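K.L.:
what follows is a predicted protein model with its sequence.
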Amino acid sequence: AMAMSAAKPVLALGIIVGAGKLLLQRTFRFVANARSQEAFMATILFTVMATSTLTEGLGLSDTLGAFLAGVMLAETSYVHQVEADIKPFRGLLLGLFFVTVGFSIDIPLLFRAPLAVGSLVLGLIALKTGIIAALGAWVRRMS
């Protein structure tokens, strides 16, 4: 039962990425031939919103969907055009991302279990510090 629960999201994500690779290249080629910057931007935003909505509908995170859309957009041959079109909005989109992450914080949990939350935060920081230190030592040995 647990394997089936894990397999469902993996299968769903595989289908999304596979279909995205097939459809995005053709879609962007069609839109690029129209030579409309507005249509190109609309296609980028639609891709992100559709993928985000689809993953949320499958019971996964909408943020995961937006991330997947970014990965799929980065794999098209139009990645440079996508980056150029998104550049003016990058700060706004980054701010929007952090605001939505901030809204998802469970403030009552912080008051209900401050020791558990604090311990987990400190543990995560220690784990990340250990990983970075180990990677730094490994890179130093390799050079």
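P.N.:
Received it, and whenever you're ready, just let me know what you need. Residues are numbered from 1 along each chain as shown.
K.L.:
drop to CA atoms for contacts and neighbour counts, all remaining ones
P.N.:
Will do.
K.L.:
can you verify my assumption that Leu73 contacts Glu83?
P.N.:
No: Leu73 lies out of contact with Glu83 (Cα atoms under 8 Å); the separation is 9.4 Å.
K.L.:
and the residue lying closest to Ser61 once chain neighbours are set aside, what pLDDT?
P.N.:
Spatial nearest neighbour of Ser61, chain neighbours left out: Thr55 (6.2 Å); criterion: Cα to Cα, 6 or more residues apart in numbering. What the model reports as pLDDT for Thr55 is 87.
K.L.:
and what of the one 3 residues further on?
P.N.:
As summarised for this prediction, Leu58 has a pLDDT of 84.
K.L.:
now it: how far from Ile15?
P.N.:
Separation of Leu58 from Ile15 (Cα to Cα, to the nearest Å): 12 Å.
K.L.:
what ranges do the helices span in this protein?
P.N.:
In the chain, the segments counted as helices under DSSP state H are 2-34, 37-57, 62-74, 79-86, 90-103, 107-112, 114-142.
K.L.:
could I get those helices as JSON lines with mean neighbour count?
P.N.:
Putting the helices of the chain into JSON lines (neighbours: other Cα atoms under 10 Å) gives the following:
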{"stretch": "helix 2-34", "mean neighbour count": "14"}
{"stretch": "helix 37-57", "mean neighbour count": "17"}
{"stretch": "helix 62-74", "mean neighbour count": "19"}
{"stretch": "helix 79-86", "mean neighbour count": "14"}
{"stretch": "helix 90-103", "mean neighbour count": "11"}
{"stretch": "helix 107-112", "mean neighbour count": "10"}
{"stretch": "helix 114-142", "mean neighbour count": "11"}
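K.L.:
below-threshold pLDDT in this structure: ranges please.
P.N.:
Across the chain, nothing is flagged by pLDDT under 70.
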